[in-house]
Each structure stands twice: as C-alpha cells, then as structure tokens.
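[1] Okay, here's the prediction I keep looking at, along with the sequence it came from:
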Number of protein chains: 2
Amino acid sequence: MSRGSAGAAGLARAGPVFAALGEETRLALVARLCARGPQSITRLATGSDVTRQAITKHLHVLAGAGLVHDVRRGRERIWELDTDGLDQARRWLDQISKRWDETLDRLKKFVED
Amino acid sequence: MSRGSAGAAGLARAGPVFAALGEETRLALVARLCARGPQSITRLATGSDVTRQAITKHLHVLAGAGLVHDVRRGRERIWELDTDGLDQARRWLDQISKRWDETLDRLKKFVED
DNA sequence: TGGACGTGCAACCCTGCAGTTGCTTTTCGA
DNA sequence: TCGAAAAGCAACTGCAGGGTTGCACGTCCA
C-alpha cells in the first residue's frame, strides 16, 4: 500500500473514529470536553440525560478510537480530548475529497476523447 | 450558540455524517466510489460480501447524510460521491481541534496566574 | 413480444450496543 | 476512623439497524 491514509490502512484507522463520533451522546461529549476543558466523569454526567455509567462506556469507546485519554487524580478520573484521532479522520476526509476530484477529472477527459 | 459549524447546529449536521461513515461497509462503499468513480448498485454489489439490497440500504443512509446522490440512467441507477457532506464533517473537525487548543491555552494561563 | 437484466419493496431474523440498576471498591476530609 | 464522594464491575433489558429472502416492477434488446 503506497497510497497514503486514504487507502485500506487509513480506512481501517478512520473507521473506528467515525464510528465513535457517529453517536449523538458521544459527539456531544466531545463537544462538551472541547468547550469546557478536561472534566471528571461525574462532572460530565451532570446535566446530561444519561447515567454516569453510560458516560463511562462512551468515554471508553472514544478512548479506543484515540479521541480522548484519561488521567487519574486522586479518586477522580479526568478525561480530556486527544486531537490525534480527530486529525486522523480529517486527513482521511481530505484524501477522499482530493481523489474524488481527480477521478472526476479523469472521467471527464475520458468522455471528451 | 452563534459560533458557526462547531456549535449545536453544526453538531446536529455533522452527527449523521459521522454515523454514516461509522460503518465498515459504508466506509468501504465511499472509498470504492472515490477510487473507481460513479457506479450502479449491482456494480457496487459485485465483489462485495453483502447482498445488493444491503448495498441499497447503505446508499440511502449515505444519501441521507449528504454524502452521495443518485442519477437514473435507463434501468440503472448511478451513484456518485457528494463532497458537500465530507466538507461539512471536515469543517466540524477543524473547529473542534482549533477550539480545543484555545481551551488548553486558556487553562494554561489560568493555572499560571 | 418475451426473456433477461437492473432495481424496488416488504417482511423477517438476529446480533450489537446504548442504557439502566444494584452493588462493591477506593479515596478524601472532618 | 468513619461517612461521603467518585468511580468500577457485572448482569440485565430493549431496541435500532445490518443483513437476508422472496417477489413484483420497469427497461432494454434480439
């Protein structure tokens, strides 16, 4: 595979990221972490319409996709955003858009001949 | 929220896009459309490990998220990529990354005082 | 005009997973 | 040291949605 992050490998990496973000509660979680900075689980759960346990599960999914990571602080567990996963997904979208344009150009030339 | 596409409105739009891309079959479908250009349903189904009907459902989900659109041509229905949806998702990711950096800077200054 | 091809529609099965409840463990502070 | 706060663990429920099968409908062409 010599095609960069839009190939099979990049797809395999971007998949879990999109899957993680493709859920309203998790997307809201990411947005909240982004807006208000690193927070504990209970803090994230207050004001949310789901249970603390649900939040915990979602955070682990996000962590699995490389979107967040946690730091223990006393009896608390502080979660904060991880931009690496976001960059991964963005790069994939970039590549797809670019290659799509190239494909259209190729088809256009092919038709014109 | 008057902050552009990273706000609640942008989140509401980006959600379906991520949800659509957050499924292996659909992600592969997008990649395939990107690499080989516009194709009919049966063409997309051949070589895939799922049924034509499954492909059809996935295409409708992608269309709902503004990622693909279809054109009838005789008895065929040709599907092609729609970069608008991709751009939408990319803008959301951009905003999140940027605002996250700003948040970290704010927190840093707050701690240093 | 009839058969082959491409697609649409509807009912159905079943797995994954979001969400909850109840309990235990760990840590802080008075 | 003891109660409260924060989080972890495990079992359970319910439903959305991915996938299939079967059949009907339009379209092309020999």
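    Nice, thanks for sending it over.

[2] Give me the below-cutoff pLDDT ranges for chain A.
    Along chain A, segments meeting pLDDT under 70 span A:1-9, A:11, A:113.

[3] Break down it into its strands, ranges please.
    Under the criterion DSSP state E, chain A contains strands at A:39-40, A:68-73, A:76-81.

[4] Please point out which parts of the second one sit buried.
    So the one you mean is strand A:68-73. A:68, A:70 (16 or more other C-beta atoms under 10 Å in any protein chain shown). In this view, the C-beta of every residue, glycine as well, is placed from N, C-alpha and C.

[5] try stretch A:21-33
    Residues of stretch A:21-33 classed as buried by neighbour count (16+ other C-beta under 10 Å): A:21, A:22, A:23, A:26, A:27, A:28, A:29, A:30, A:31, A:33.

[6] what sits opposite the residue nearest to residue A:59 when sequence neighbours are not counted in the beta ladder?
    In space, and not counting its chain neighbours, residue A:59 is closest to residue A:79: 5.6 Å by C-beta to C-beta, 6 or more residues apart in numbering or on different chains. With DSSP bridges as the criterion, residue A:79 is bridged to residue A:39, residue A:70.

[7] Return the residues in contact with the residue nearest the centre of chain A.
    With distances taken as C-alpha atoms, centre = their mean, residue A:17 lies nearest the centre of chain A, 3.9 Å away. Residue A:17 makes contact with A:65, A:66, A:67, A:85, A:86, A:88, A:89, according to C-beta atoms under 8 Å, 6 or more residues apart in numbering or on different chains.

[8] Residue A:42 and chain B, how far apart?
    From residue A:42 over to chain B the distance is 19 Å, taken as C-beta to the nearest C-beta, to the nearest Å.

[9] ok so, going back, quickly note the distance from the residue nearest to residue A:59 to residue B:16.
    Using C-beta to C-beta, to the nearest Å, residue A:79 is found at 25 Å from residue B:16.

[10] Look at these two and report which has more neighbours.
    Taking neighbours as other C-beta atoms under 10 Å in any protein chain shown, residue A:79 and residue B:16 compare with residue A:79 leading, 23 against 20.

[11] which residues touch that one?
    Residue A:79 touches A:33, A:38, A:39, A:40, A:41, A:44, A:59, A:68, A:69, A:70, counting by C-beta under 8 Å, 6+ apart.

[12] same thing with residue A:68?
    A:30, A:33, A:59, A:62, A:79, A:80, A:81, A:82.

[13] could you redo the last one with a cut-off of 6 Å?
    Neighbouring residues of residue A:68 by C-beta atoms under 6 Å, 6 or more residues apart in numbering or on different chains: A:62, A:79, A:81, A:82.

[14] Got phi/psi on residue A:38?
    phi -50, psi 140 (degrees, to the nearest 10).

[15] how much space is there between it and residue A:48?
    On the measure of C-beta to C-beta, residue A:38 and residue A:48 end up 16 Å apart.

[16] again, but for residue A:79
    Taking C-beta to C-beta as the measure, residue A:79 falls 13 Å from residue A:48.

[17] Residue A:24 now?
    To residue A:48, residue A:24 is 11 Å away according to C-beta to C-beta.

[18] now swap in residue A:15 and tell me
    Residue A:15 is 26 Å from residue A:48, where distance means C-beta to C-beta.

[19] Have a look at these two and say which one is more surrounded.
    Using other C-beta under 10 Å as the criterion, residue A:15 and residue A:48 rank with residue A:15 on top: 20 against 16.

[20] list the contacts for the more buried one?
    Residue A:15 touches B:24, B:27, counting by C-beta under 6 Å, 6+ apart.
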